[in-house]
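In: give me the fold of what follows.
(chains A and B)
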There are 2 protein chains.
Amino acid sequence: MEKTSQLTQAEKNFFMREALQEALLAREKAEVPIGAVVVLDGQIIGRGHNLRETLQQATAHAEIFAIQEACEKVGSWRLERSQLFVTLEPCVMCSGAIQLARVDEIYYGATDPKGGAAGSLLNIATDTRFNHWSYVESGILADECSQLLSSFFKELRNKKKKQKNASNLI
Amino acid sequence: MEKTSQLTQAEKNFFMREALQEALLAREKAEVPIGAVVVLDGQIIGRGHNLRETLQQATAHAEIFAIQEACEKVGSWRLERSQLFVTLEPCVMCSGAIQLARVDEIYYGATDPKGGAAGSLLNIATDTRFNHWSYVESGILADECSQLLSSFFKELRNKKKKQKNASNLI
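Out: Okay, here's the model as predicted:
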């Protein structure tokens, strides 16, 4: 059965802005700014942002925290009828977690051509050989999501360049 | 570069028995019996077993716990040079987590034709489009790993049948 979106464009933008707020929290901690929220019946039931460097945990992605908080909230590992919003295309791990949690709709902002598993390198969510699949929509507030990432990496490069120049002066 | 195994058959069997011990802990909690360990320099640095029903968490797979414990132990999200042993072929989420943690070698027991992502439906670990890939070997103590799963599901079916018969008598 073909999956369809249950949300209006205004709702999609609204919830992606919430995911962007989470991404800003990651940036404040000098983490790659990626944020996610899980929505059920119009309510945010899980939020998360990237904390890989802070926690030194390979699994510390925005979507994982959002899904875990959502499961805790509903008291079940099944998040049927839910929507997940994330500022960057989910990786393999997060696409798998979304599948396991039976999230129905995935919305993301920027695409990730190097590691994306929701359309770029793979499309886990629409692979009907698995026992759950989801509606996937990309490009929600894509410019804002991309801009946040590119400015973060630009600042990082400038910082490294300054450090290098400073060490050359010693 | 082609990845190769750094372990002897005796070592592979030894560590898979440890993963099987974890799987037994899952069975004691009425969870699908799946267990995993992460090994570095001949030492187990992370252990885990399936706790999906107990915790009602979609992400509560054996490999996730083993990887998280291993990251905590080494104080880094990078588990380079490590090996992961798991009694059942990893799913998409766990294959992604293994990739993110840069685990070098994956050993599993039973194959999972319905959801396996390390050779069955997908082979994430050997997809060289991603920035990390791993050596993968299946069939380590395959009979014991499969047997543990099939006896668990057989008992579950019998239990359900008994419950159905009992309710028919009321």
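In: for residue A:147, give me phi and psi.
Out: Phi and psi for residue A:147, reported as degrees, to the nearest 10, are phi -60, psi -40.
In: near chain B, anything from the worst-scoring helix or strand of chain A on mean pLDDT?
Out: Within chain A, no helix or strand scores below helix A:142-169, which has a mean of 92 by mean pLDDT, DSSP states H and E. No: counting by CB under 8 Å from any CB of the partner chain, chain B has no neighbours in helix A:142-169; the shortest distance is 15.7 Å. For glycine as for every other residue, the C-beta is placed from the backbone atoms N, C-alpha and C.
In: so which residues on chain A come close to chain B?
Out: Counting by CB under 8 Å from any CB, chain A sits next to chain B at A:52-53, A:55-61, A:64, A:67-68, A:71-72, A:75-79, A:91-97, A:99-102, A:114-115, A:117, A:121-122, A:124, A:127, A:129-131.
In: all strands of chain A, in order?
Out: Under the criterion DSSP state E, strands of chain A are mapped to A:35-40, A:43-49, A:83-88, A:105-110, A:135-137.
In: and the longest one, what other elements does it pack with?
Out: Contacting strand A:43-49 under the criterion 3 or more CB pairs under 8 Å, 6 or more residues apart in numbering or on different chains; DSSP states H and E are the following elements: helix A:9-28, strand A:35-40, helix A:62-74.
In: hmm, try it at 10 Å
Out: helix A:9-28, strand A:35-40, helix A:62-74, strand A:83-88 (3 or more CB pairs under 10 Å, 6 or more residues apart in numbering or on different chains; DSSP states H and E).
In: so which elements touch the first one?
Out: So that's helix A:9-28. When contacts are defined as 3+ CB pairs under 10 Å, 6+ apart, helix A:9-28 sits against strand A:35-40, strand A:43-49, helix A:52-55, helix A:62-74, strand A:83-88, strand A:105-110, helix A:142-169.
In: out of the ones you listed, nearest to residue B:6?
Out: helix A:52-55 (26.4 Å; CB to CB).
In: which other helices and strands does that closest one contact?
Out: For helix A:52-55, the packing partners by 3+ CB pairs under 10 Å, 6+ apart are helix A:9-28, helix B:62-74.
In: from residue B:109, how far off is residue A:27?
Out: Remark: distance between residue A:27 and residue B:109 (CB to CB, to the nearest Å) = 42 Å.
In: who's more crowded, those two?
Out: residue B:109 (27 against 19; other CB atoms under 10 Å in any protein chain shown).
In: out of everything not next to it in sequence, what's closest to the more buried one?
Out: Of all residues not flanking residue B:109 in the chain, residue B:145 sits nearest, at 2.8 Å (CB to CB, 6 or more residues apart in numbering or on different chains).
In: you'd agree that neighbour is up against residue B:62?
Out: No: between residue B:145 and residue B:62 there is no contact under CB atoms under 10 Å: 11.7 Å.
In: under the pLDDT cut-off, which ranges of chain A? List them.
Out: A:1 (pLDDT under 70).
In: phi, psi of residue A:61?
Out: phi -90, psi 150.
In: count of neighbours near residue A:28?
Out: Neighbours around residue A:28, by other CB under 10 Å: 10.
In: that one and residue A:50 touch, don't they?
Out: No: using CB under 10 Å, residue A:28 is not in contact with residue A:50, being 11.5 Å away.
In: anything in contact with each of residue B:145 and residue B:62?
Out: Common contact partners of residue B:145 and residue B:62 (CB atoms under 10 Å, 6 or more residues apart in numbering or on different chains): B:19, B:23, B:33-35, B:86-88.
In: now the two most distant members of the residues you listed.
Out: Farthest-apart pair in these is B:33 and B:86; separation 11.8 Å (CB to CB).
In: residues contacting the residue nearest to residue B:109?
Out: B:16, B:19-20, B:23, B:33-35, B:86-89, B:108-111, B:139.
In: so in terms of bridging, what pairs with residue A:49?
Out: Beta-bridge partners for residue A:49, by DSSP bridges, are residue A:35.
In: gap between it and residue B:70?
Out: In terms of CB to CB, residue A:49 sits 23 Å off from residue B:70.
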